[in-house]
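Trainee: Make a model of this:
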Amino acid sequence: VQLIESGGGAVQPGDSLRLSCAASGGTFSRNAMAWFRQAPEKEREFVAAVSWSADKTLYGDSVKGRFTISRDNAKSMVYLQMNNLKPEDTAIYYCALRTLWATTEVSDYPVWGQGTRVTVSS
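Mentor: Numbering: from 1, shown residues only. The predicted model follows:
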């Protein structure tokens, strides 16, 4: 499976962005999907995850109430709606895939996209 992220950009604090991740080359619907991010000189951080059936979602503490993860299995897509963006949300955002249930650990996800950059500044 290959993952390609899109939708990143430069925005101001308080703005919104929607990231998209397109999956191809494999079975998408039976896999959990997640978003992680990595800021300069920091470790990769869990942002959100969704189960294959979308009945379970997980969020990192720093984005709860502002970000929403969703998926469309018919289109092999996963999305991250980001509202009320803050400068500390600036990072490269990565889409990731794993079989079975959604988790929050970087090491649990064997398949990764190349990332899309989000910059939040005034």
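Trainee: where along the chain do the strands fall?
Mentor: In the chain, the strands defined using DSSP state E lie at 2-6, 9-11, 17-24, 31-38, 45-50, 57-59, 67-72, 77-82, 91-99, 111-112, 116-120.
Trainee: how about Val111, what does it touch?
Mentor: Val1, Leu3, Ala96, Leu97, Arg98 (CB atoms under 8 Å, 6 or more residues apart in numbering). (Each C-beta comes from the backbone N, C-alpha and C, glycine too.)
Trainee: which residues does the most centrally placed residue in the chain contact?
Mentor: Nearest to the geometric centre of the chain sits Trp35, at 2.3 Å (CA atoms, centre = their mean). The contact partners of Trp35, by CB under 8 Å, 6+ apart, come to Leu19, Cys21, Val47, Ala48, Ala49, Ile69, Val78, Leu80, Tyr93, Tyr94, Cys95, Ala96.
Trainee: With Thr103 instead?
Mentor: Neighbours of Thr103 in contact, by CB under 8 Å, 6+ apart: Ala32, Ala34, Ala49, Leu58, Tyr109.
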